[in-house]
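Peer 1: Here you go, sequence then predicted model.
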Amino acid sequence: MVDKKIKTLGDALRRNGVSRRGFLKFCTATASMMALPPAMVPALAASLDKARRPSVIWLSFQECTGCTESLTRSHSPTLENLIFDHISLDYHHTLQAASGHAAEAAREEAMRANEGNYLVVVDGAIPLGNPGYSTIAGFSNLQILEETAAGAAAVIAVGSCAAFGGLPKADPNPTGAVSVRDIVTDKPVVNVSGCPPIPVVITGVLAHFLTFGTLPELDEYGRPKAFFGTSIHDRCYRRPFYDKGLFANTFDDEGARKGWCLYKLGCKGPMTYNACATVKWNEGTSWPVESGHGCLGCSQPDFWDAGGFYNALSIPVGDISRTTSYAAAAGLGVAAVAAGINHKTKVAARKRHDRVTIDDLEKIS
Amino acid sequence: MDARDTIPILIETSAATDGCFQNTRPLLHEIAHALRRLQLEGVATTLDLSAIPFGPGDERQLIDFLGKGEVSAKLEAMGESLIWESRYAGVWIVEHRSTSSERLAFQLEITKLPAILASQPEDIAESLLMLREALESPQADGTLV
């Protein structure tokens, strides 16, 4: 537990005997984690030295706890831990010792004490079909999210379920699952998608808020551009083989053995935006493509309904009418929901599960 | 020792692909441009290698190519950091590791001397205070320590 008397991150590190060199090393690693250019390190050092402890309330709804696992099982002790140690995690019903009324009281106290300044982290989708599908302390997920988000500075939707509905929303969406953005429309919502998300991307967003007191620049899906700004395909080390037209056609042919492009085996890298190709997984050991398997596209909306992981590029779409009707039933702005579903997706919906050939892709690009 | 080394699985990389993903050469061109900037304008450049899409073997090929020059240093602060000049003067490799030897950052610095090696003003100020305190509070027997 962090000493509550320690006001800033700089204080905390100095109290732990960390030298200025150690602090600069910490800043260098943090800049790398946040995908900031190395030239930003001095500015980052100045900001981090003064960074204060934000209160964080973590809500888990329709989820598998994989996102929390991704974060807490990350290499330890690391930068993620240092960042995570520095926030005041006031409510996380998977991790906290308190339960029942005491746990809910902790959440309410954190909300009251940090009104307008706390962060809400959400993993899991919100069921609107029937409130009883997922409840905490007798309250529906929708009630808890609306109540907790009301006084928050911002909401971070962690994982594809919270960001886009994820697996719970997969066709036929039996619980009427929706994303955080379908519910919270009057606060900044950052989507850190992935199934699960890369741990450093989660902490990178927290570090950005901690450092600059603001949220990072977002893409059209509300994801931080620093991590989701380029496609897997564009950053893939196998890209030169794609450019030369060298593909693996099966998982054990010559192309597979030589590490050629996995596009024909269903790799969704060309339409997936995430940082796996550079940040990698398990302490930077590897990532799916390096292990010989195509990208599943898990950080894209509705990836579960993409029509088969091993089909050459299919385009994931959702059941638009169903999502819209659930949102409307919850008293949300239908127009706002519909606006979030762009024209391209509607066109793609008509071609659902169609096979796209290499020639088609080259025509597109 | 890295915990992964205890896993009794040997990862084999095909000889056909070992270090042949063609991602090293473009980076070496970038290093050459940065070195030219350092020479002509005195402008230092830092390249974050963790942001480069390396395939298996690419990183080793780069580091082998750069080799080791005359200077190397070890920094002990929040874990070990290894800093060495490559055989190309002005091209430094900086690897920061955590207390459990996991890599936190891996960078190439094209500079005369990586800034983290210099004594920091904050630490110098603290050292001065500590030294004065020691001088003003000699032990009972008159020795300094």
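Peer 2: Received the coordinates, thanks. Numbering: from 1, shown residues only, chains lettered A, B, ... in the order given.

Peer 1: Packing partners of the helix or strand where B:Ala32 lies?
Peer 2: Using DSSP states H and E, B:Ala32 falls within helix B:24-41. Packing partners of helix B:24-41 (3 or more Cβ pairs under 8 Å, 6 or more residues apart in numbering or on different chains; DSSP states H and E): strand B:45-48, helix B:58-66, strand B:103-110. Bear in mind the C-beta positions are built from the backbone N, C-alpha and C, glycine included.

Peer 1: one more time with 6 Å, if that's ok
Peer 2: The contact analysis (3 or more Cβ pairs under 6 Å, 6 or more residues apart in numbering or on different chains; DSSP states H and E) places helix B:24-41 against helix B:58-66, strand B:103-110.

Peer 1: That one - what's its average pLDDT?
Peer 2: The average pLDDT within helix B:24-41 is 95.

Peer 1: Any chance of the helices and strands packed on helix B:24-41 in JSON lines with distance to B:Glu133, mean pLDDT and mean neighbour count as columns?
Peer 2: Converted to JSON lines, the helices and strands packed on helix B:24-41 look like this (distance: least, Cβ to Cβ, whole Å; pLDDT from 0 to 100; neighbours: other Cβ atoms under 10 Å in any protein chain shown):
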{"stretch": "helix B:58-66", "distance to B:Glu133": "44", "mean pLDDT": "91", "mean neighbour count": "17"}
{"stretch": "strand B:103-110", "distance to B:Glu133": "33", "mean pLDDT": "91", "mean neighbour count": "22"}
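
Peer 1: which one of those lies closest to A:Ala312?
Peer 2: helix B:58-66 (26.4 Å; Cβ to Cβ).

Peer 1: Going by neighbour count, which residues of the next helix or strand after the closest one are buried?
Peer 2: Downstream of helix B:58-66, the next assigned helix or strand under DSSP H and E is strand B:72-76. Across strand B:72-76, burial judged by 16 or more other Cβ atoms under 10 Å in any protein chain shown covers B:Leu75.

Peer 1: per-residue confidence for A:Arg73?
Peer 2: 66.

Peer 1: And the lowest mean pLDDT element among the helices and strands of the chain?
Peer 2: Let's take chain A. helix A:334-339 (a mean of 36; mean pLDDT, DSSP states H and E).

Peer 1: Wait, chain B was what I had in mind.
Peer 2: helix B:121-136 (a mean of 89).

Peer 1: in chain B, which residue is closest to the centre?
Peer 2: With distances taken as Cα atoms, centre = their mean, the residue of chain B nearest its centroid is B:Val94 (1.3 Å).

Peer 1: what bridges to that residue?
Peer 2: Per DSSP bridges, the residues bridged to B:Val94 are B:Ile83, B:Gln107.

Peer 1: quick one on the thing from earlier: right, and the helices and strands packed on helix B:24-41 - which one's nearest A:His293?
Peer 2: That would be helix B:58-66 among the helices and strands packed on helix B:24-41, by Cβ to Cβ, at 19.4 Å.

Peer 1: now the angle between helix B:24-41 and that closest one, please.
Peer 2: 50 degrees (axes from the mean of the first three to the mean of the last three Cα atoms, to 10 degrees).

Peer 1: Extract the CA atoms of helix B:58-66 and return them as PDB.
Peer 2: The C-alpha coordinates for helix B:58-66 follow below in PDB (Å, rounded to 0.1, in the frame of the first residue of the first chain):
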ATOM      1  CA  ASP B  58      16.700  -9.100 -36.500                       C
ATOM      2  CA  GLU B  59      17.700  -7.600 -33.100                       C
ATOM      3  CA  ARG B  60      20.600 -10.000 -32.700                       C
ATOM      4  CA  GLN B  61      21.800  -9.300 -36.200                       C
ATOM      5  CA  LEU B  62      21.700  -5.500 -35.500                       C
ATOM      6  CA  ILE B  63      23.600  -5.800 -32.200                       C
ATOM      7  CA  ASP B  64      26.100  -8.200 -33.700                       C
ATOM      8  CA  PHE B  65      26.700  -5.800 -36.600                       C
ATOM      9  CA  LEU B  66      27.200  -2.800 -34.300                       C
END
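
Peer 1: So which elements touch it?
Peer 2: Secondary elements touching helix B:58-66 (3+ Cβ pairs under 6 Å, 6+ apart): helix B:24-41.
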